[in-house]
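Asker: need a structure here:
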Amino acid sequence: MAEFRMDADYGPSALGRGVQGLLGAPIDRVDGVAKVTGAARYAAEHQPQGKLAYGFPITASVATGAVKSLDKTKAEAMPGVIAIITDDPRLPRESHIIRAERMPANDGTLESYGQILGLAVAESFEAARAAAYAVKVDYVAVKGEYDTRAAAHKAQDPHQGAMLPNVIKGDVDAAMAAAEVAIDVTYSTPFQVHAAMEPHAAIAEWQGDELTLYGSIQIMRGFTPVLANSLGVPIDKIHVLSPYIGGGFGGKIGGPETLLAAIAAQQIGRPVKVQLTRQQLFHAIYGRSDTHQRIRLAATRDGKLTAIAQDSLVSQKTGLGFFEPVALGALSLYAGENRRFTTRIAKINVTPAGAVRAPGEAVGMMALETAMDEMAEKLGMDPIAFRKANEPTSDPTSGAPFSTRRLIDCYDEGAKRFGWDRRVATPGARREGDWLIGMGMATAARVNFLADSKARVRLTPEGHAEIETDMTDIGTGTYTILAQVAGEALGLPIGAVKVRLGDSRDPSGAGSGGSFGAASSTSSVLIACDAIVAELARRMGTAPEEMTLKDGHAIAGNRRVALSDLVGGAAIEEIGVLTPGRNSRSWSQGTFGAQFAEVGVHVVTGEVRVRRLLGVFDCGRILNAKTARSQAIGGMIWGLGYALHEAAVLDPRTGAYVNRDLAEYHIPVNADVPQIEAYFIEEIDPHASPVGAKGLGELGISGVGAAVTNAVYNACGVRARDWPMTLDQILPGLPGV
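Answerer: Below you'll find the model as predicted:
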């Protein structure tokens, strides 16, 4: 076993000596053919050994109160029904939140709409659904609280040990009072959901006292103990498989469908599939809280910030501790001696709030970067010049030095590529027929994390490499980048590297979440490969730095030896172990970027059309140019949706989302998505990870909503402060035809 703790930089590695030409190359996904041909099986598509039964959750139609009684008589008599399970004490009421030890049990108390009350199991999905709807539930309903702002008077500060405690440095109030120029503005974002293409699904099958579960699980090591604790069985009796995931964005850490399928399969003695409907997952799976953000900025007349404050009110279901860390992206972004970043959490009767892609930055940067645009206008400064004037030399909150930070280069490269010099500062100055045209920009920022990760790498007697880890591929390209790192380090073509993911019995990987998956998992592969390279060098009678690995051969001195000959009859195998360490505290680590948008606003109807998006990003080493670009573009599309489309609308009378499907919960479709360009300022960050990469997946969403909002203002003079930007905000401010 080869281990490395990130208390210092990793130092020279096989990647630095690699000549295979794989690292960073735009290589097609190695799992691409399997996906497009249907050979790749997702959670709902696996074939268990026994005859499959189907489960359909029974859910509550009352948000607050208690279940008085359940009448299962009619449901149990329906054709094809196997069981109606409502009395198992392990039944979950909804998804658990990250770091929970088990799924929340259903004790008959109702604290939010759509809680799970039980499961109907039948020979077909249709029969199970009909039976679930036939269960008659009587409630004792009580009045609930569903309005975040109405509950603000009893909102709480973050709990001790929270990911983002309140940060107060200096005196913002005094700086605001003394400022030559200041703004004090409130912004809001709505409830939002993950809206992954693949619904939550699981298939469970027991062989004696051992469970095999096929699911859509982002972070295996976080989920398996939760399932074991929730079922009350030893963790070594559980085998979880999640080789392919059709999107998750933070929502697939193990939903209630997994526990429901396991309970049902155990009770009926057959494998059971449970697949949540789109309507059910709006309430059974946590989403993103609404936010209400007060942004205060104070500056000198020449644009130097003297104060920056982001005070937020968010919501959470009663009894839960997680909260949306709104100010996460702002902490280290801009200079300013007086700083205040606080959150207050209102506990109300809504679906739990949890991690949705880029928790904190996705919504916090929308408000901050719109406020920065408003401040730049008040100062009479170009928005980019204002941001540059407040670029810090070290982390302005913690005082730590930055690991790498190329934000200024992102501004300059983005402005050049986008044609920012053609922007007219006066709103409404550019018109093409019935369309008013505007440009806007915003900063993108995202904190960087590293996670514990293990990977087994095996160099076979045939001279091929095999990688095994329970790390997952959520559609981001994990299969491919792990193969690229191993191929580059060991001198193998991409086709000679086989990767196995998503098996809980393999070494524990980082999992997909927090944008830490790529850097962490590839680093553990690199650590293992370096140990293998050291052994190959020993067998060659040379030092690793004196040996070149290329196309399945080792070259040193005047010798060229096939790896298969060096390996011999027994594989060389190593487990690479990565552990985060002091570097995460010694250095302020983040990823950055500049987002640019051009929009058209129809002068009569107020319709907004995004015509161009362009982003330039700084996220350390690029492991695969094609998958990295794809990740950035995906995030930018999501940010566009936050600006113009997405909102889960809560009925204030019932606590239910009224638009709980993809027909009414609007997300961008092809007609909404314009030409998008994504570029990278690459600088290997040795302080962040052994491979020098940092998180990318969530950076792309950051700032896009503000860039679009700022472009709308530049186009027509309407400044939106509540998202998504709807016609009722735009129409009253439009200039005359």
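Asker: what residues of stretch 432-446 count as buried?
Answerer: Applying a neighbour-count criterion of 16 or more other CB atoms under 10 Å, one finds 435-446 buried in stretch 432-446. No exception for glycine: its C-beta is placed from N, CA and C like everyone else's.
Asker: to clarify, my last question referred to stretch 550-565.
Answerer: Neighbour-count burial for stretch 550-565 [16+ other CB under 10 Å]: 550, 552-556, 563.
Asker: farthest-apart pair in those residues, please.
Answerer: 552 and 556 (14.8 Å; CB to CB).
Asker: skipping adjacent residues, who's closest to the spatially most central residue of the chain in space?
Answerer: Centroid-nearest residue in the chain: residue 357, 3.1 Å away (criterion: CA atoms, centre = their mean). Closest residue in space to residue 357, ignoring its immediate chain neighbours: residue 249 at 4.1 Å, by CB to CB, 6 or more residues apart in numbering.
Asker: nearest residue to residue 696 other than its sequence neighbours?
Answerer: Among residues not flanking residue 696 along the chain, residue 619 sits closest, at 4.5 Å (CB to CB, 6+ apart).
Asker: contact partners for the one you found?
Answerer: Contact partners of residue 619, counting by CB atoms under 8 Å, 6 or more residues apart in numbering, are 591, 593, 628, 680, 693-696, 699.
Asker: would you check which pair of the residues you listed lies furthest apart?
Answerer: The widest separation within the contacts of residue 619 (CB to CB) is 15.2 Å, between 593 and 693.
Asker: more crowded one of the two?
Answerer: residue 593 (32 against 27; other CB atoms under 10 Å).
Asker: look at residue 573 and give its secondary structure.
Answerer: Secondary structure state of residue 573, per DSSP: H, G, I helix; E, B strand; the rest coil, is strand.
Asker: now the strands for the stretch 101-250 of the chain?
Answerer: Using DSSP state E, counting those that start in this stretch, the strands of the stretch 101-250 of the chain run over 109-110, 116-122, 136-141, 167-169, 181-189, 201-207, 210-215, 238-241.
Asker: now swap in the stretch 301-450 of the chain and tell me
Answerer: Along the stretch 301-450 of the chain, the segments classed as strands by DSSP E, counting those that start in this stretch run 305-317, 338-348, 431-432, 435-447.
Asker: coming back round to it: including pLDDT, distance to residue 382 and secondary structure, could the buried residues of stretch 550-565 go into CSV?
Answerer: Below are the buried residues of stretch 550-565 laid out as CSV (pLDDT from 0 to 100; distance: CB to CB, whole Å; DSSP: H, G, I helix; E, B strand; the rest coil):
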residue, pLDDT, distance to residue 382, secondary structure
550, 98, 50, strand
552, 98, 54, coil
553, 98, 55, strand
554, 98, 56, strand
555, 97, 54, strand
556, 96, 56, strand
563, 98, 56, helix
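Asker: re the thing from before, ok, the buried residues of stretch 432-446 vs residue 74, which is closest?
Answerer: Among these, and counting by CB to CB, the member closest to residue 74 is residue 446, at 51.8 Å.
Asker: isn't that closest one right up against residue 515?
Answerer: Yes - with contacts counted by CB atoms under 8 Å, residue 446 reaches residue 515, the gap being 6.6 Å.
Asker: overlap in contacts, the two.
Answerer: Common contact partners of residue 446 and residue 515 (CB under 8 Å, 6+ apart): 358, 591, 695, 698-699.
Asker: state the pair within those that is farthest apart.
Answerer: 358 and 591 (10.7 Å).
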